[in-house]
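1. Please find the sequence and the predicted model below.
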Amino acid sequence: MNKIIIPSLIIQKQLFQCHREERRRFSRLSLRAPWGRSNPLRKRLDCRVATLLAMTINCKRLPRPFRTRNDIVKIYIAFILVLFLVPALCGQELTGEDIVQKVNDLFNVESGYAKAKMTIMTTSGQKRTFVYESWSKNKGEKNLVRYLEPGRVKGQATLMLNNADDIWMYFPRTQRVRKLASHAKKQKMQGSDFSYEDMGSGDAFINDFSPKRLKDEKMEGYDCYKLELTRKPDTDVSYSRLIMWVIKESFVPVVIDYYDEDDPALQEKRLVESDIRVIDNIPTAMKVVMHNKNDNTQTELELLEVRYNITLADSMFTERGLKK
């Protein structure tokens, strides 16, 4: 916005300056004289005004001197448009709602597949590692997770529907499917620092929170939008509010702070995304770390393989599909 306003003000100053210069050179002539070629003062002014306006709109070739009253009117109309309308259009800012919508669209692609390694760092410093595959459909409304490693959980699967409001688990040893209680979405997934809600909440940023844009900041080396998302009344989410830093260039939320469900001043967790790559034209964080401030633990997710917008059958996201 400033880049446009400053040159416009300079040109305005030059217009007044050229007017004074030409009046000094032709002190006996008047601008009120008849409109014609015999008035050298008006002719010179017309030419200089045209030159300055051409500079404003970056014309490569200058028009011939303007000689009629209509031409002068057109010049000043064009000047007003450059001075006021262009800065106004360029000065439009994204609102908090606009930014959150772009983040939501980035997170919730139509369908996707990922193979990931989850490493849990416990309070004692021990590490537990899981490898799993996951599939999502309908922009995150349906999610299926199937574990590959270690051997004790191989074949175990979790199905999350309706943005993790409905959760089923399959245990290969008993070959049984068990539906979890509605509050289970707030529980830790395999004892990690990610809850089921974190992994499959879909449109939660839009449906469950009201966004407010704060002052832009630099975070993790990126120029970011900073947002505060406050929980809407009568919504069943685990966090009272979120503070989110969104990379301006890609709309990837590079850092998210999660605050306690009952105490908006108590930070509970921090998520940090890194190693951002473009996969199938979608910016993707290949490494995600969730830090638990209360338990002094952390969980790292490393994406080993990612594909987007793939064809997935609806039968995958059923109790019967869970057993396969």
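-> Cool, the structure landed. Small disclaimer: the values here were computed from a predicted structure and weren't measured.
2. mind listing the strands for the stretch 201-324 of the chain?
-> Here the stretch 201-324 of the chain has its strands, by DSSP state E, counting those that start in this stretch, at 209-213, 217-219, 222-231, 241-247, 253-259, 267-279, 282-292, 297-308.
3. For those, give me JSON lines that also has mean pLDDT and mean neighbour count.
-> In short, each C-beta sits where N, CA and C put it, glycine included. Below are the strands of the stretch 201-324 of the chain laid out as JSON lines (pLDDT from 0 to 100; neighbours: other C-beta atoms under 10 Å):
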{"stretch": "strand 209-213", "mean pLDDT": "96", "mean neighbour count": "19"}
{"stretch": "strand 217-219", "mean pLDDT": "97", "mean neighbour count": "13"}
{"stretch": "strand 222-231", "mean pLDDT": "97", "mean neighbour count": "19"}
{"stretch": "strand 241-247", "mean pLDDT": "98", "mean neighbour count": "22"}
{"stretch": "strand 253-259", "mean pLDDT": "97", "mean neighbour count": "21"}
{"stretch": "strand 267-279", "mean pLDDT": "97", "mean neighbour count": "17"}
{"stretch": "strand 282-292", "mean pLDDT": "97", "mean neighbour count": "18"}
{"stretch": "strand 297-308", "mean pLDDT": "97", "mean neighbour count": "17"}
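4. In CSV: those, plus distance to K139.
-> Below are the strands of the stretch 201-324 of the chain laid out as CSV (distance: least, C-beta to C-beta, whole Å):
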stretch, distance to K139
strand 209-213, 17
strand 217-219, 26
strand 222-231, 19
strand 241-247, 19
strand 253-259, 17
strand 267-279, 17
strand 282-292, 13
strand 297-308, 11
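5. how about the ones you listed, which one is nearest M189?
-> Taking C-beta to C-beta, strand 297-308 is the member of those nearest to M189, at 8.9 Å.
6. Send me the closest one as PDB with only the CA atoms.
-> Extracted in PDB, the C-alpha atoms of strand 297-308 (Å, rounded to 0.1, in the frame of the first residue of the first chain):
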ATOM      1  CA  THR A 297       6.600 -35.200  27.400                       C
ATOM      2  CA  GLN A 298       6.600 -34.900  23.600                       C
ATOM      3  CA  THR A 299       5.500 -36.900  20.600                       C
ATOM      4  CA  GLU A 300       7.000 -36.600  17.100                       C
ATOM      5  CA  LEU A 301       5.300 -37.500  13.900                       C
ATOM      6  CA  GLU A 302       7.400 -38.100  10.800                       C
ATOM      7  CA  LEU A 303       5.600 -38.600   7.500                       C
ATOM      8  CA  LEU A 304       7.300 -41.300   5.500                       C
ATOM      9  CA  GLU A 305       5.000 -41.200   2.600                       C
ATOM     10  CA  VAL A 306       2.100 -38.900   1.600                       C
ATOM     11  CA  ARG A 307      -0.400 -38.900  -1.300                       C
ATOM     12  CA  TYR A 308      -3.400 -36.600  -1.800                       C
END
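7. which outside residues touch that strand?
-> For strand 297-308, the external contacting residues (C-beta atoms under 8 Å, 6 or more residues apart in numbering) are 109-123, 131, 192-194, 279-280, 282, 284-292.
8. Give the bridge partners for the spatially closest residue to T122 that is not a sequence neighbour, please.
-> Using C-beta to C-beta, 6 or more residues apart in numbering and skipping the chain neighbours, the partner closest in space to T122 is T297 (6.0 Å). In this entry, T297 is beta-bridged to N292, by DSSP bridges.
9. about what we covered before: closest to N143 out of the strands of the stretch 201-324 of the chain?
-> strand 297-308 (14.2 Å).
10. starting at the chain centroid, how far to the closest one?
-> Centroid separation between strand 297-308 and its chain, computed with C-alpha atoms, centre = their mean, to the nearest Å, is 20 Å.
11. Taking strand 282-292 as reference, get the angle to it.
-> Using axes from the mean of the first three to the mean of the last three C-alpha atoms, to 10 degrees, the inter-axis angle of strand 297-308 relative to strand 282-292 is 160 degrees.
12. Let me know the distance separating the residue nearest to E273 when sequence neighbours are not counted from Q187.
-> If the residues on either side of it in the chain are set aside, E273 comes closest to A285, at 3.5 Å by C-beta to C-beta, 6+ apart. Distance of A285 to Q187, given as C-beta to C-beta, to the nearest Å: 24 Å.
13. How many neighbouring residues does G221 have?
-> Applying other C-beta atoms under 10 Å, we find 9 residues neighbouring G221.
14. got the contact list for it?
-> Contacts of G221 by C-beta under 8 Å, 6+ apart: none found.
15. ok, so what distance separates it from P264?
-> From G221 over to P264 the distance is 28 Å, taken as C-beta to C-beta.
16. what number of residues lie near the closest residue to N162 other than its chain neighbours?
-> The shortest distance from N162 to any non-neighbouring residue, by C-beta to C-beta, 6+ apart, is to E141 (6.6 Å). Per other C-beta under 10 Å, the neighbour tally for E141 reads 18.
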